[in-house]
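*Asks:* okay, here's the prediction I keep looking at, along with the sequence it came from:
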Amino acid sequence: MTVIKKKKRVSKKNKAAWRKHCDINDVEEFLEDQRLEERLGKFDTKPDEELFVLDTHGNDVPEEKPDIKPDIKHQTAKQRKRALLPVTPKCFEVLLPTSKVQDPNAKRNHVKPVGSKPSDLSKLTQQRQLVKGVLAKKLETRKANKRLAAEKRKKSKSFRKTYDKNIWGDESLEAKGVPETLIDDFISTEAQIHNVPTTKRLRAKPPPPKTVLKRKAVDIPHPGVSYNPSFQEHQELLQEVVQHEQKMMKREAHLYRVTTGLFSKVTPKEKENQWREEMSVGLPQPHDPTNDPEPEEAGDNEYKAINPPVKNKKKDHKARRKQKERILEKERLKREKIDKKKITDIYKLRKIQASLKDKESRDAEERTKRITKRKELEETALPALNARKPPVKEPEFIDPKQLTGDLRKIPMTSNLLKDRFESFQRRGALAATKIMMKKKRKLKSYFKSGHKVTDQDIDRYVKRSAGKK
Amino acid sequence: MVAKKKKKYSSGEGAQFMTRKAALKKLQLTLKDFRRICILKGIYPREPRNRKRAQKGAGGIKTLYHTKDIKFLLHEPIIWKLRELKVFQQKIRKARAMREYQKMKKYFRDYPEINIDHIVKERYPTFVDALRDLDDCLTLCFLFSTFPSLKRVPPDQSLLCRRLTVEFMHAVIAAKALRKVFVSVKGYYYQAELEGQTITWIVPHHFSFQPQSKDEVDFKIMSTFVEFYIMMLGFVNFKLYHSLNLVYPPKLTAAFNADTEKDLVDERVYVSERIAAMNISVARIAGANEVEELPEIDIFNTEDTDPQKLEEAKLEAEKVKKLKTMFKGLKFFINREVPREPLVFIIRCFGGEVSWDRNHFVGATFDETDESIAYQIVDRPTMDKQYLSRYYIQPQWVFDSVNTRSLLPINKYLMGAVLPPHLSPFVDKTKDQVYIPPEARALNDPNFKPLSEDGPSEEEIEEDSEEEKEEKEESEDEDAEKALTKQYQQEVEQDSQSEDESDDDIDPEKKKLAKEKKKAMAVTTGVTFKENPYQKEIEDKQAFRLREKLVRKKHRNLYKSMKAGQEKRKKDIWLLRKKRRLHDEKVKEENKVEKRKQKMQMLEAAST
């Protein structure tokens, strides 16, 4: 075992070794005390009230806190903000000195950052630049730059208002979308068109739907909608309107018949009677002799089941034979008839042919009718792009009394914007949708439970006021 | 190894379509942005042939898009812009919530705008394509130009609409492209012809803006349409102005300058500014001539040379040429009660000069006292002070004159007169096989003269009868002349015959021989070949019948029914005309009898 011997002499060559082998606690403590004093101030200079607290109650009695509410006046938000203004913001508090140690260097020299103070040399150069006009130019460029930036911003906003190129013209660079800075003879075409978006489609776009392509944007107006129409044309328009209206009425009537009309109406009295009847099912009724069932002539008191049991009675051979013969006879007669018809049909061939031809021609006619009708329908049918159907076009009509033939007094009935909107829908450019409106939040109003005023309260109030008098 | 099972709807119609929801997911856009980009790029929902299959077995009706359309949208650079906008919108929303209005203002100032001119080029590869699709664009732009700033419409949109529409009208004026006008209850229908494309648009009547109810029209969608159409109309205007050798953008009145962002508050002031702007002629490019007139139609020997059609085309071209300069050199003065905008536009389109009361509205070019004014347009029954040097007419005269393509006689349109009906110029020309009463025909065709005026005043009847008498006399004169010539010819013939006869009685047989010989040897004077019109007609008819036989069996029935229909309609027209004629004659007779009676009564009264 080796005994660790305390060395008599140790090297205190370097700082670490010195620290290790020297006891400097007392010094440290002293210094600590001194610093504390410096930070908090000297104890001897402080008054006793600051250092000590008078204990008026014993240890076992709990301390009574005085119930004093802080005197806070009600302040508005503005006042609160105002009050906060002189207070140093919390975020800057870290920057303030916390120790009470005074700055050992009472008067510090303010050192200006480099370049802020003109040196002799800089004064000279500045003078030279002023004479040369460099400074003035600098100022100018600064202004120009500012202006340019604003302009650029404005331009980026206003390209909608400037139409300065022929996009269908010859393939000029501007039309292609090459930026202005790249339009120069010395810039290679590769560089010019490097970032230009291709006009050629990466993927083929399928042609727009037929309804969009083929239907006219602005329908040709019916001559009857003129502000001063001729009688005949106006009548024609009127006929159209009448037909349209009749169609609508018919549809409405149909809908009524199919829905509401299906259910018969019952008067309240009838309803009550029904209810009474239903509710009193199974209850003993007062005896009514007219309602008595007819007395059956059950002379013999024999038991009879409601459903008498069925007996599987077998047919005998004779019956079977008879049945077979009957069937065969029927079959034979049928065959005979057909054979006979075949023979007679030979003589009827012409007639049959004629009837066949007739039928064929009729069928063909009907087919063509059907096809043309379908085509017509296809041309005018409203596109079904959504669960909601686009509105049917209604003919515009104006009461002849309102038509004065005066340009100043044209009655305004149609809404052109709505007309356009619906035209888009009818052409299939827009799916007909229901416009969703933002709902206003409905506030539920109620009385606070303590503030409810009931009839009883009112009575009580009245009584009390009467008693006072 | 078993081949991998093919999943249902992975090919065919099921793979061709995509629901809107799927499209939103694929493009990673919100519905609002998707709607916008669809409108801008011209992508429309589709109607599938088999809905069940297209919806991958799902029931109901869903909004479907072509998968290729959506894939095409995927490459659109605008989508990235939309995403940038989204960030800005978030910032603005945040600033608003934090009540940092300074910041919000700055964000609004720097809010990026989407440039869509490449889309215009992409959707309309040629200028003609753009013109073909201009109907919608113009109608919407004219409509939005009347709107005040609305909640869901960008504030500069209606201003821009105003500027662009006036510019377009100027282009139409310079090109003299207007063809037809129709005043309907809805608004003014205009039809112009630009580069061979007919463009129809509606301009609403100018009344004060009518509040639109929110639940009828989606303003956001409409304003997106307008956003695209503005871009398109701007470029169309640019191209039109350059093809007309005009300077673009034109210097219009102060209200239309883009620099002055001051909004004209008063609607009336705006309207008068707009009309004033229309009355200024647009600056031409220095050194440029007037646009040369189109040359006359050349006749090429194409395969189906129908001389009648060619002739019709030529006539049409002639008429249009006349129409273009119909009002040239004429001065119009518009009274203050007349709606000026359509009239100024129309009159300027056909070369006229317009002015109005200088004290009421801006932009007047000459005063009412100008003696060179040819027409004053009024819409009131009487005027206190009238000038002898001009006609006072109602505005409908201008519209009707344009539609008939000639200056109509003004007697029906004089001040205070009951106007004839304003007929639509858009009636289908193919349905011409209908009976048109002579009054309507006279309205449509100024050259048409009804056979007999019905129901004129008594004096006119007298004049008429006198005229008729004169005509009869003239015809008798002509008959006399004809008779004289006939007589002369007959005499000449008789003479020649008599000569022959005198020769005959010497030696008939010899003479006969000699005559025959002579005939064989004789040199007769050449006669110019005269086409017998009747003969020719017969031949033509025969040829036509032969051609009819060549109609293929497939179309024969159709052809027959068409012919039968034509015949029927012709017969109907003939019948109605005959009825009318008989009726007119009867009325005339009755009138005459009545008049005679009156005269007799007068005479009797005078004598007693």
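*Replies:* All right, it came through fine. Numbers count the residues shown, from 1 in each chain, chains lettered A, B, ... in the order given.
*Asks:* and the residue of the stretch 451-600 of chain B closest to chain A?
*Replies:* B:Asn557 (9.6 Å; C-beta to the nearest C-beta). C-beta: built from backbone N, CA, C; applies to glycine.
*Asks:* could you measure from that residue over to A:Ser361?
*Replies:* The gap separating B:Asn557 from A:Ser361 is 11 Å, by C-beta to C-beta, to the nearest Å.
*Asks:* try A:Lys418
*Replies:* 49 Å.
*Asks:* measure stretch A:7-26 end to end?
*Replies:* With C-alpha to C-alpha, to the nearest Å as the measure, stretch A:7-26 spans 23 Å from end to end.
*Asks:* give me the mean pLDDT for that stretch.
*Replies:* Rounded to a whole number, the mean pLDDT of stretch A:7-26 is 84.
*Asks:* look at the residue of the stretch 451-600 of chain B closest to chain A and say how many residues are nearby.
*Replies:* Neighbourhood size, B:Asn557 [other C-beta atoms under 10 Å in any protein chain shown]: 11.
*Asks:* what's the answer for the one 3 residues further on, then?
*Replies:* Neighbourhood size, B:Lys560 [other C-beta under 10 Å]: 12.
*Asks:* helix or strand: which one has it?
*Replies:* B:Lys560 belongs to helix B:553-607 when assigned by DSSP states H and E.
*Asks:* just checking, what packs against that helix?
*Replies:* helix B:458-504 (3 or more C-beta pairs under 8 Å, 6 or more residues apart in numbering or on different chains; DSSP states H and E).
*Asks:* and the helix holding B:Lys560, how far from the chain's centre?
*Replies:* 33 Å (C-alpha atoms, centre = their mean, to the nearest Å).
*Asks:* neighbour count for A:Lys418 and A:Ser361, which is higher?
*Replies:* A:Lys418 (15 against 10).
*Asks:* phi, psi of the more buried one?
*Replies:* Phi and psi for A:Lys418, reported as degrees, to the nearest 10, are phi -60, psi -40.
*Asks:* was I right to think it contacts B:Phe219?
*Replies:* No. Assessed by C-beta atoms under 8 Å, A:Lys418 is found out of contact with B:Phe219, at 11.3 Å.
*Asks:* so what's B:Pro533 up against?
*Replies:* Residues counted as contacts of B:Pro533 (C-beta atoms under 8 Å, 6 or more residues apart in numbering or on different chains): none.
*Asks:* for the one helix or strand in chain A whose mean pLDDT sits lowest, what is the distance to the chain centroid?
*Replies:* Using mean pLDDT, DSSP states H and E, helix A:173-176 stands out as the lowest-scoring helix or strand of chain A, at a mean of 70. Relative to its parent chain, helix A:173-176 has a centroid offset of 40 Å by C-alpha atoms, centre = their mean.
*Asks:* now the helix or strand immediately after it in the chain: buried residues?
*Replies:* Next helix or strand after helix A:173-176 toward the C-terminus (DSSP H and E): helix A:189-192. Judged by neighbour count using 16 or more other C-beta atoms under 10 Å in any protein chain shown, the buried positions of helix A:189-192 are A:Gln192.
*Asks:* list the buried residues for whatever helix or strand comes next after helix A:189-192?
*Replies:* Next in sequence after helix A:189-192, counting helices and strands by DSSP H and E, comes helix A:210-214. Neighbour-count burial for helix A:210-214 flags A:211-212 (criterion: 16+ other C-beta under 10 Å).
*Asks:* do stretch B:388-395 as well
*Replies:* Under 16+ other C-beta under 10 Å, the buried positions of stretch B:388-395 are B:390-395.
*Asks:* so for it, first residue to last residue, what's the gap.
*Replies:* 19 Å.
*Asks:* any residue of that stretch up close to chain A?
*Replies:* Yes. Residues of stretch B:388-395 are located near chain A by C-beta under 8 Å from any C-beta of the partner chain, namely B:Pro395.
*Asks:* identify the residues contacting that stretch?
*Replies:* A:407, B:333, B:338-339, B:343, B:371-379, B:383, B:386, B:410, B:413-415, B:417, B:419.
*Asks:* one more time with 7 Å, if that's ok
*Replies:* Identification of contacts with stretch B:388-395 by C-beta atoms under 7 Å, 6 or more residues apart in numbering or on different chains yields A:407, B:338, B:343, B:371, B:373-379, B:383, B:386, B:410, B:413-415, B:419.
*Asks:* show me which of the residues you listed are buried.
*Replies:* Using 16+ other C-beta under 10 Å, the buried ones in those are A:407, B:338, B:343, B:373-379, B:410, B:413, B:415, B:419.
*Asks:* A:Gly177: which of those is nearest?
*Replies:* Among the buried ones among the contacts of stretch B:388-395, B:Leu343 lies closest to A:Gly177 (C-beta to C-beta), at 42.5 Å.
*Asks:* distance-wise, check the closest one relative to B:Ala374.
*Replies:* Taking C-beta to C-beta, one finds B:Leu343 at 14 Å from B:Ala374.
*Asks:* pLDDT of the host helix or strand of A:Asn145, averaged?
*Replies:* Under the criterion DSSP H and E, the helix or strand holding A:Asn145 is helix A:134-158. Helix A:134-158 shows a mean pLDDT of 88.
*Asks:* quick one: contacts for A:Leu121?
*Replies:* Not one residue lies near A:Leu121 by C-beta under 7 Å, 6+ apart.
*Asks:* what angle separates the host helix or strand of it from helix A:134-158?
*Replies:* Assigned by DSSP H and E, A:Leu121 falls within helix A:120-132. In terms of direction (axes from the mean of the first three to the mean of the last three C-alpha atoms, to 10 degrees), helix A:120-132 departs from helix A:134-158 by 70 degrees.
*Asks:* so where do the strands sit in chain B?
*Replies:* Applying DSSP state E to chain B gives strands spanning B:17-19, B:64-66, B:178-183, B:187-194, B:197-204, B:331-334, B:353-356, B:375-377, B:391-393.
*Asks:* out of the ones you listed, flag the one nearest B:Met231.
*Replies:* Closest among the strands of chain B, using C-beta to C-beta: strand B:197-204, at 17.5 Å.
*Asks:* rewinding a little: as JSON lines, the strands of chain B with mean pLDDT and distance to A:Gln102 would be great.
*Replies:* Listed next are the strands of chain B as JSON lines, based on pLDDT from 0 to 100; distance: least, C-beta to C-beta, whole Å:
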{"stretch": "strand B:17-19", "mean pLDDT": "95", "distance to A:Gln102": "78"}
{"stretch": "strand B:64-66", "mean pLDDT": "95", "distance to A:Gln102": "79"}
{"stretch": "strand B:178-183", "mean pLDDT": "92", "distance to A:Gln102": "94"}
{"stretch": "strand B:187-194", "mean pLDDT": "93", "distance to A:Gln102": "89"}
{"stretch": "strand B:197-204", "mean pLDDT": "93", "distance to A:Gln102": "84"}
{"stretch": "strand B:331-334", "mean pLDDT": "90", "distance to A:Gln102": "93"}
{"stretch": "strand B:353-356", "mean pLDDT": "88", "distance to A:Gln102": "90"}
{"stretch": "strand B:375-377", "mean pLDDT": "91", "distance to A:Gln102": "98"}
{"stretch": "strand B:391-393", "mean pLDDT": "90", "distance to A:Gln102": "104"}
